[in-house]
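Q: predicted coordinates and the sequence they were generated for:
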Amino acid sequence: MSHLTGKLTKRIIDSLPAGRHGDGNGLFLVVDPSGARRWVLRVTVKGQRNAKGAPLRTDFGLGGANVTPLNIARERALKYRMMAKQGINPKYSAVGAIPTFEEVARQVHMERLPTWRNKKHGDQFINTLRDYAFPKIGRRLVSEIGQPEILSCLSPIWTEKHETAKRVAQRLKVVLDVAKSKGWRTGENPVTAIKDARVLPKVKVKVKHHKAMPWQDVPAFYADLQNRSAMSAKALMFTCLTGSRTGEVLGARWEEFDFESGVWNVPEERMKTEVLHRVPLTPAMLEIIEPLKALQSEYVFEGQKRHKPLSNMAMLMLLRRMGVEGVTVHGFRSTFRDWASEVAHAPREVAEMSLSHKVGSDVERAYARTDLIDRRRALLERWTGYVTGESGQVVRIGHG
């Protein structure tokens, strides 16, 4: 069998014996024993893996040599190599083959990576399918997946891991919708059919509340924190005073702080609400973070590794070392909310905005021209005074 590694020519093509002959860059001419000649392209798809975890290498035909001239085959090969370098499997664009569910899911994952808020969200999409769908239906052709196959993925986890199951269902639906749009499926999406028919049992999910410390106990607890030098203590103090979420505090970077205006601007990509949140900085908050500038870290609350934030367990572990059982870090948001209502008698919209909760309907929020930062500053100053034991002058948090 002759194997040519250089560029082929029309004269050479017509005289080649049976076998696989290279033109370069993954393009081959395959000559069958019958004498039929056809083009085959081999590409490695960026970011995709085969069943063994190795880079996905795929071969597919570009047509017979009698109807697809050499120059056309090279043009198509170049086009498909470019697609593969972008993480797109060109196999299904080149021919009418039906891909498997896993192949489509990984394709959807790659195509949507730029649209997710962060890498973590993209990883969650593919990881849940990898854990709960691929073992059951990953190797099935996407055209063959119906309600029984979807139920095989969802039924085992529907009651035990209901929130996870709902996410898996939503992602299954997305993959099958994309498959239909590309002509690989017809008919109704089986995920939608299962939902509409209420095939799966109704699960009553109990709302899990984060256990909060009573607001009456916070000043003594905070005084204990002030005597501790650990970075986790600094972060927990800041969390208590700001009413912020754990992730917002741990991910805080210096460039987010406007010290001249006394505002911490938490960018939308780090907010649960996906909206920029301005946190008024009180003198007590500044006393916590300003000495940390000397560390010259990228993060305000640096962890054990240089330019890396504290672990998301650091503050909870500190609570346990302090002997505070059953209380969560997130619970301090509820503590602040209870105090704002029971003691400060703050208007609901001021208290809720302080916690970066959405207030009112979509229409009401569209007409809201302010985030009430001045009134929120007054509320946080009063809260800070209460927590630190330096209440001083009473600050009114009125409706005016």
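A: Looks like it came in fine.
Q: in this structure, which residue is closest to the centre?
A: Centrality entry for the chain: nearest residue to the mean C-alpha point is His121, 1.2 Å, by C-alpha atoms, centre = their mean.
Q: so what pLDDT did it get?
A: pLDDT for His121: 73.
Q: which residues does it contact?
A: Listed by C-beta atoms under 8 Å, 6 or more residues apart in numbering, His121 has no contact partners. Every residue, glycine included, has its C-beta placed from N, CA and C.
Q: by mean pLDDT, which helix or strand of this structure comes out lowest?
A: Least confident helix or strand, the chain: helix 362-367 with a mean of 50, by mean pLDDT, DSSP states H and E.
Q: quick check: longest helix of this structure.
A: Longest helix of the chain, by residue count under DSSP state H: helix 162-181.
Q: wait, a helix at the residue nearest to the centre of the chain?
A: Yes: using DSSP: H, G, I helix; E, B strand; the rest coil, the assignment for His121 is a helix.
Q: which residues are in contact with stretch 37-54?
A: With contact meaning C-beta under 8 Å, 6+ apart, stretch 37-54 is reached by 13, 16, 20, 26-32, 55-66, 68, 73, 76-77, 80-81, 84-90, 94, 106-107, 110, 139.
Q: cutoff 6 Å now
A: With contact meaning C-beta atoms under 6 Å, 6 or more residues apart in numbering, stretch 37-54 is reached by 26-28, 30-31, 55-57, 59, 61-65, 68, 73, 77, 80-81, 84-85, 87, 89, 106, 110.
Q: tell me which stretches of the stretch 51-200 of the chain form helices.
A: Along the stretch 51-200 of the chain, counting by DSSP state H, counting those that start in this stretch, helices occupy 70-85, 91-94, 101-112, 119-132, 134-137, 147-154, 162-181, 190-197.
Q: packing partners for the last one?
A: Packing contacts for helix 190-197, counted by 3 or more C-beta pairs under 6 Å, 6 or more residues apart in numbering; DSSP states H and E, involve helix 147-154, helix 162-181.
Q: turn those into JSON lines, including mean pLDDT, distance to Arg245 and mean neighbour count.
A: Formatted as JSON lines, those follow (pLDDT from 0 to 100; distance: least, C-beta to C-beta, whole Å; neighbours: other C-beta atoms under 10 Å):
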{"stretch": "helix 147-154", "mean pLDDT": "95", "distance to Arg245": "30", "mean neighbour count": "18"}
{"stretch": "helix 162-181", "mean pLDDT": "93", "distance to Arg245": "18", "mean neighbour count": "18"}
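Q: fine, thanks again, bye for now.
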